[in-house]
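Peer 1: Build me a structure from this.
(chains A and B)
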Protein chains: 2
Amino acid sequence: MTNPTAAMLVIGDEILSGRTRDTNTHYLAGELTQHGIQLAEARVVSDDQAAIVAAVNALRATYDHVFTSGGIGPTHDDITADAIAAAFGVAITHRADAMALMAAHYARSGSEFNDARKRMARIPDGAVLIDNPVSVAPGFTLGNVHVMAGVPNIFQAMVASVLPTLTGGAPLLSQSLRVLRGEGEIAAPFGALAAEYPDLSMGSYPFTQNGVMGTNLVIRGTDAGQLSQAMSKLAALFG
Amino acid sequence: MTNPTAAMLVIGDEILSGRTRDTNTHYLAGELTQHGIQLAEARVVSDDQAAIVAAVNALRATYDHVFTSGGIGPTHDDITADAIAAAFGVAITHRADAMALMAAHYARSGSEFNDARKRMARIPDGAVLIDNPVSVAPGFTLGNVHVMAGVPNIFQAMVASVLPTLTGGAPLLSQSLRVLRGEGEIAAPFGALAAEYPDLSMGSYPFTQNGVMGTNLVIRGTDAGQLSQAMSKLAALFG
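Peer 2: Prediction:
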């Protein structure tokens, strides 16, 4: 596949402790697949600068894009912006345009634009702001790293801001066939079919429903013609 | 924290394409936290041997335990056992005890114990089997790597088989306070309190409910005395 590749980096102790369930990776996966960008890896790390820096540097060197979620709020445990600056070896300062956006927002809402809130205007040098239509405090893109909020509705809004600016490839198409046979029964012919189509990806996902074992057979690829040809053969085998 | 550390490695194209939502990481996180093992990192990689080998070798060198989910079924895309053998540089063969377990199971159920199903008895040399009370085909532990199924109810049963065999530390305790103020308002005093208790981890998680902004303040740690002292101070600040 020649589509651009991407990685997701989720930042937050609350995910690793089991307190909070990460939903952003699944959301991003679906959006990237539609946009023709292949999500190739995802990681979750804690609110620890060394861990964030190591992950960001490994991922940005390996994939075309890196998306992060979490750690850009106003409290002491929000250290993502500083960690990204450290990863790139650039300075981080209160940026004038971000300060202006946020000052106007807090003036409208009658809340104090205090030092904690001003922390959210600290942006690494050279970054481009990502619009936050929900709560104003921006995300940012530095190099191939897109830094976004962890709160799901803000994360989703930021993805909607960033994604149209990225060059996608052919959308990854998928079709599936549900069969009421166990994986062990369909494995041999299904594997032979997969070997016939090296450009397609074929996977099987077992389920049990009302005590009956079945398997969802899924074929994925970017070539619609190949995909429908392979699906016809699959249906002839198991339909 | 001196508790043992762990990483989770989820293996599967279906997670990265957005088809399937990973629920195993969240489940494992909660179980490890109760058992006094600190989940320090999680990764998702695709059904690709090089990607699995690189992740397994990086994680097993860094953390006390690695838990994997996915890729141990009977179909061509189930390559986890081979990848683990490659990562450790050991051979992999159809193991007699696993073959016997599975032969008996398929004889009881009247299904053929065919070559695809026999693939699930291929176990790297030197591994210890992990019991699978749901569908018999075992997981295995090799060194500090625990290899388990991706299907959630089987994954959970295997975690229940493995976890009692591992030495845990003090359970990670947590308490939280829900306040109806935005993060930006509580950040300064909350940060000062966090600085007073370097052995505790304090996080803040904003929410909006019926248009009202609020924050969940969470304190985590293994020392119950310190935790309740810090919670008293938190309640005095914001209660």
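
Peer 1: Contacts only, for the residue most central in space within chain A.
Peer 2: Per C-alpha atoms, centre = their mean, the C-alpha nearest to the average position across chain A is that of A:Leu28, at 3.7 Å. A:Leu28 is in contact with A:Met8, A:Leu39, A:Phe67, A:Val159, B:Gly18, counting by C-beta atoms under 8 Å, 6 or more residues apart in numbering or on different chains. Where C-beta positions appear, they are placed from N, C-alpha and C, glycine not excepted.

Peer 1: That one: which element?
Peer 2: Using DSSP states H and E, A:Leu28 sits in helix A:24-35.

Peer 1: The next helix or strand after that helix: partners in the sheet, and parallel or antiparallel?
Peer 2: Using DSSP H and E, the helix or strand that follows helix A:24-35 towards the C-terminus is strand A:38-45. Take DSSP bridges as the rule and strand A:38-45 pairs in its sheet with strand A:5-11 (parallel), strand B:38-45 (antiparallel).

Peer 1: out of these, nearest to B:Arg95?
Peer 2: B:Arg95 sits nearest to strand B:38-45 of all these, at 25.3 Å, using C-beta to C-beta.

Peer 1: so does the helix or strand of chain A with the lowest mean pLDDT get close to chain B?
Peer 2: Within chain A, confidence by mean pLDDT, DSSP states H and E is lowest for strand A:201-209 among all helices and strands, at a mean of 90. Yes - residues of strand A:201-209 contacting chain B under C-beta under 8 Å from any C-beta of the partner chain: A:Ser201, A:Met202, A:Gly203, A:Ser204, A:Tyr205, A:Pro206.

Peer 1: Format the CA atom coordinates belonging to that strand as PDB.
Peer 2: C-alpha atoms of strand A:201-209 as PDB (Å, rounded to 0.1, in the frame of the first residue of the first chain):
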ATOM      1  CA  SER A 201      -5.600  -7.700   3.500                       C
ATOM      2  CA  MET A 202      -7.900 -10.500   4.700                       C
ATOM      3  CA  GLY A 203      -8.800 -11.000   8.300                       C
ATOM      4  CA  SER A 204     -11.200 -13.300  10.200                       C
ATOM      5  CA  TYR A 205     -12.900 -12.400  13.500                       C
ATOM      6  CA  PRO A 206     -14.700 -15.100  15.400                       C
ATOM      7  CA  PHE A 207     -17.900 -14.500  17.400                       C
ATOM      8  CA  THR A 208     -20.400 -16.500  19.400                       C
ATOM      9  CA  GLN A 209     -24.100 -15.700  19.200                       C
END
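
Peer 1: Show me how far that strand is from its chain's centre.
Peer 2: Its chain's C-alpha centre and that of strand A:201-209 lie 23 Å apart, by C-alpha atoms, centre = their mean, to the nearest Å.

Peer 1: Next secondary structure after it?
Peer 2: Once the chain leaves strand A:201-209, the next helix or strand it forms, by DSSP H and E, is strand A:212-221.

Peer 1: what's in contact with that following strand?
Peer 2: By C-beta under 8 Å, 6+ apart, strand A:212-221 touches A:172-183, A:186, A:190, A:197, A:199-208, A:227, A:230-231, A:234, A:238, B:13-14, B:17, B:19.

Peer 1: so how far is the helix or strand just after it off the chain centroid?
Peer 2: Downstream of strand A:212-221, the next assigned helix or strand under DSSP H and E is helix A:224-238. Distance of helix A:224-238 from its chain centroid, counting by C-alpha atoms, centre = their mean, is 30 Å.

Peer 1: Now do the helix holding A:Leu28: distance to the chain's middle.
Peer 2: On the basis of C-alpha atoms, centre = their mean, helix A:24-35 sits 6 Å off its chain's mean C-alpha point.

Peer 1: For A:Thr208, which non-adjacent residue is spatially closest?
Peer 2: Closest residue to A:Thr208 apart from its sequence neighbours, by C-beta to C-beta, 6 or more residues apart in numbering or on different chains: A:Gly214 at 7.5 Å.

Peer 1: For that neighbour, list each beta-bridge partner.
Peer 2: Under the criterion DSSP bridges, A:Gly214 forms beta bridges with A:Phe207.

Peer 1: ditto for the one 5 residues further on
Peer 2: Applying DSSP bridges to A:Ile219 yields these beta-bridge partners: A:Gln175, A:Met202.

Peer 1: Now for it, how many residues are close by?
Peer 2: Number of residues near A:Ile219 (other C-beta atoms under 10 Å in any protein chain shown) recorded here: 24.

Peer 1: A:Gln156 too?
Peer 2: By other C-beta under 10 Å, the residues close to A:Gln156 number 18.

Peer 1: Quick check: closest non-adjacent residue to it.
Peer 2: A:Tyr27 (6.0 Å).

Peer 1: export the strands paired with strand A:38-45 to TSV and tack on mean neighbour count and mean pLDDT?
Peer 2: Shown next, in TSV, are the strands paired with strand A:38-45 (neighbours: other C-beta atoms under 10 Å in any protein chain shown; pLDDT from 0 to 100):
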stretch	mean neighbour count	mean pLDDT
strand A:5-11	24	98
strand B:38-45	25	98
